[in-house]
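J.: Sequence plus predicted model, see below.
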Amino acid sequence: MRPAQDSGVVDSAPRNQLFLLLRETPLRVEMIADTAFAFSVHAAERSSMIELPVQRLRSQDLLVQVSAELESSCIVIDPRLVIDIIDASGAIIYNDIVFLSTRRAQWHGERWQCIRHVPVSATAASAVLYFQEPEARPCTFSNGRMLVQGIAP
């Protein structure tokens, strides 16, 4: 395995093929969208969907930064953040899931944050972000914010 051309190896564990890389050229991004949201997931297994800028996704990678306060009265929940890219036939061509239950067993209004890289997809017809709780246990995402940035070449 070789690092990208614009990256240098800072540290490595060759036996495991793990490399800590440092970009020589700083990452350049431009702000595309800043969206506030609040969702409750109760009887349904997923929240309403937030559309991602598919026109930009057809020509450049995106960084999607999501944060919210998560609360549930249930002892155990399995909340998930999902990003799907869908082509013209309706097929999901990219799926990214963040299992929020790996960060905390119980949620009582704590704030969480994550940044996801969404790769360019020339055949994307739509791209969406939503929250899912497969067992439909009630949970609330409040004071949410989604920032979408385009990665400059």
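T.: Yep, it's here.
J.: residue contacts, residue 88?
T.: Listed by CB atoms under 8 Å, 6 or more residues apart in numbering, the contact set of residue 88 reads 123, 125. All C-beta spots, glycine's among them, are computed from the backbone N, C-alpha and C.
J.: measure it to residue 124 for me?
T.: For residue 88, the distance to residue 124 equals 9 Å [CB to CB, to the nearest Å].
J.: Point to the residue nearest the middle of this structure.
T.: For the chain, the residue sitting closest to the mean C-alpha position, by CA atoms, centre = their mean, is residue 116 at 3.9 Å.
J.: Remind me which helix or strand it belongs to.
T.: Remark: residue 116 resides in strand 108-118, with elements defined by DSSP states H and E.
J.: Would you give the sheet partners of that strand, along with the direction of each?
T.: Neighbouring strands of strand 108-118 in its sheet, by DSSP bridges, are strand 62-71 (antiparallel).
J.: Show me which residues of the strand holding residue 116 are buried.
T.: Within strand 108-118, the residues that qualify as buried by neighbour count (16 or more other CB atoms under 10 Å) are 112, 118.
J.: And whatever helix or strand comes next after it, what does it pack against?
T.: From strand 108-118 onward toward the C-terminus, using DSSP H and E, the following helix or strand is strand 124-132. For strand 124-132, the packing partners by 3 or more CB pairs under 8 Å, 6 or more residues apart in numbering; DSSP states H and E come out as strand 29-41, strand 50-51, helix 54-57, strand 80-87.
J.: Show residues contacting the second one.
T.: Meaning strand 50-51. Under the contact criterion CB under 8 Å, 6+ apart, strand 50-51 has outside partners 35, 37, 126, 127, 128, 129, 130, 146.
J.: let's see it at 6 Å
T.: With contacts defined as CB atoms under 6 Å, 6 or more residues apart in numbering, strand 50-51 is touched by residue 129.
J.: go on, the first one?
T.: Surrounding strand 29-41, the residues in contact under the criterion CB under 6 Å, 6+ apart are 47, 53, 56, 131, 133, 139-142, 144-151.
J.: strands paired with that strand, and their directions?
T.: Strand pairing for strand 29-41, using DSSP bridges, gives strand 139-151 (antiparallel).
J.: Rebuild the helices and strands packed on strand 124-132 as a markdown table, extending it with distance to residue 73.
T.: Shown next, in a markdown table, are the helices and strands packed on strand 124-132 (distance: least, CB to CB, whole Å):
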| stretch | distance to residue 73 |
| --- | --- |
| strand 29-41 | 12 |
| strand 50-51 | 25 |
| helix 54-57 | 36 |
| strand 80-87 | 19 |
